[in-house]
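*Asks:* I need the structure of the sequence given here:
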Amino acid sequence: MLTVRPAMPEDIPAIMTVLEAAKGIMRASGNLHQWVGGYPSESVVREDIRGGYGLVVVERDRVVGYFAFIPSPEPTYATIYAGAWLDGNAPYHVIHRIGSLPDVHGVFATIMDFAFSRDRNIRIDTHRDNRIMQHNILKHGFSYCGIIYLSSGDERLAYQRIIGA
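*Replies:* Residues are numbered from 1 along each chain as shown. Take a look at the predicted model:
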């Protein structure tokens, strides 16, 4: 059974292993341009943990997944192009930096169950080449909303789901 708990500093080596495995999955599926240049770094994970946003997915005391669950506002979501948010005014949470080990199934669903048990309004984005993530996002009821740009200028496809909307 998969569970979610706050990430702790002592989890960082396992988290970095998860994130490296996720990069391997991305590269193997043709997504060569997301999470490059050392991102997400250990310092990013440490900041997530310090902020109370870093969470791990655990199976029998083994860290098998990682994500950041951050309350709004997300600065890069302030402007959306070629579309619109389902609700541009209501508070929301954003999910960033999802990663899992390749031999574990159900991590994305566990993350979604956790997220929607805490907020009915969730936003998420991914790289255009990340077909696996796009599939999972749509499978879990998100609507494609448009394009956002990261502070680096990189494009991302943006999605939102509001329970009860």
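*Asks:* show me what residue 81 is bridged to.
*Replies:* residue 147 (DSSP bridges).
*Asks:* which residues sit in contact with it?
*Replies:* 146-149 (CB atoms under 8 Å, 6 or more residues apart in numbering). Quick note: C-beta positions are derived from backbone N, CA and C, even for glycine.
*Asks:* for it, give its distance to residue 52.
*Replies:* 31 Å (CB to CB, to the nearest Å).
*Asks:* of all the contacts of residue 81, which two lie farthest apart?
*Replies:* Largest separation among these by CB to CB: 146 and 149, giving 10.8 Å.
*Asks:* now the biggest helix by length in the chain: buried residues?
*Replies:* If each helix of the chain is counted by residues according to DSSP state H, the longest one is helix 12-28. Residues of helix 12-28 classed as buried: 12, 14-16, 18-19, 21-23, 25-26 (neighbour count, 16 or more other CB atoms under 10 Å).
*Asks:* could you identify the helix or strand that succeeds it?
*Replies:* helix 42-51 (DSSP states H and E).
*Asks:* re the thing from before, any chance of the buried residues of helix 12-28 in a markdown table, plus distance to residue 60 and pLDDT?
*Replies:* Shown next, in a markdown table, are those (distance: CB to CB, whole Å; pLDDT from 0 to 100):
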| residue | distance to residue 60 | pLDDT |
| --- | --- | --- |
| 12 | 20 | 98 |
| 14 | 13 | 98 |
| 15 | 17 | 98 |
| 16 | 20 | 98 |
| 18 | 15 | 98 |
| 19 | 20 | 98 |
| 21 | 18 | 96 |
| 22 | 20 | 96 |
| 23 | 24 | 95 |
| 25 | 22 | 93 |
| 26 | 26 | 94 |
